[in-house]
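[1] Build me a model:
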Amino acid sequence: MKYLLVGLGNIGPEYANTRHNIGFMVLDYLAKKHEASFDTGRHSFVTEFKYKGKHFTLVKPTTYMNLSGKAVAHWLSVLKIPASQMLVITDDLALPFGKLRMRAKGSAGGHNGLKHIEETLGSNEYPRLRFGVDAQFSKGRQVDYVLSPFSEDEHIDLATYIEKAADMCLSFGTIGLERTMNFFNK
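    Modelled structure (predicted):
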């Protein structure tokens, strides 16, 4: 069985450790844990590894957030897998910091990366893992907030939440979406 894990983010050192790049951070953790290195692929950085008999392809789109659907469509096509075997990892302002929520489908919720994926696929029916980054910003400062680094206080628990998100990604591929949601979504 093949699975596609897509971590949303923006390329470039200025975005490296920002809230909006949490998808990249989760995939970086998974790649390091499984001794896999990212190479440049079409519309993305890509790597792969096997875990418990399952084949995982990890994709970090290089198209910037607003055009993430290009990479998603390409890799779904190349891997010849349905969107149901893809998990998109993204930041979510509507969830408290560190809260992780996996869903089978859903709205973009104002997230430009998810909007473009939905437009490209013509559907919002694909699994996603939302990583809460909270909404601690004043009116009109949303972009500055998501493009800023995590606070010192957030860094205390950030590694723990990234590890849990990575565990959820592997669980998605090994025990399935429903069982993973039942076990982790609390």
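[2] who touches Lys164 in this structure?
    Residues in contact with Lys164 (C-beta atoms under 8 Å, 6 or more residues apart in numbering) are 100, 184. Where C-beta positions appear, they are placed from N, C-alpha and C, glycine not excepted.
[3] quick one, strands of the protein?
    Under the criterion DSSP state E, the chain contains strands at 2-7, 39-41, 44-51, 54-61, 86-92, 100-103, 128-132.
[4] Output the contacting helices and strands for the third one.
    Under the contact criterion of 3 or more C-beta pairs under 8 Å, 6 or more residues apart in numbering; DSSP states H and E, strand 44-51 touches helix 22-33, strand 39-41, strand 54-61, helix 68-79, helix 152-174.
[5] So in this structure, where's the weakest helix or strand by average pLDDT?
    Least confident helix or strand, the chain: helix 142-146 with a mean of 87, by mean pLDDT, DSSP states H and E.
[6] how far is it from where the chain is centred?
    Remark: helix 142-146 is offset 18 Å from the chain centroid, using C-alpha atoms, centre = their mean, to the nearest Å.
[7] Tell me the pLDDT of the residue most central in space within the chain.
    What sits nearest the mean C-alpha location of the chain, by C-alpha atoms, centre = their mean, is Ile89, with 1.6 Å. Model confidence at Ile89, given as pLDDT, is 98.
[8] Tally up the residues packed near the closest residue to it other than its chain neighbours, please.
    Spatial nearest neighbour of Ile89, chain neighbours left out: Gly23 (4.1 Å); criterion: C-beta to C-beta, 6 or more residues apart in numbering. A count of neighbours around Gly23, defined by other C-beta atoms under 10 Å, yields 27.
[9] Tell me how far Gly23 lies from His55.
    Distance, Gly23 to His55, using C-beta to C-beta, to the nearest Å: 20 Å.
[10] mind listing what the spatially closest residue to Phe184 that is not a sequence neighbour touches?
    Closest residue to Phe184 apart from its sequence neighbours, by C-beta to C-beta, 6+ apart: Met168 at 5.2 Å. By C-beta under 8 Å, 6+ apart, Met168 lies in contact with 100, 102, 129, 180, 184.
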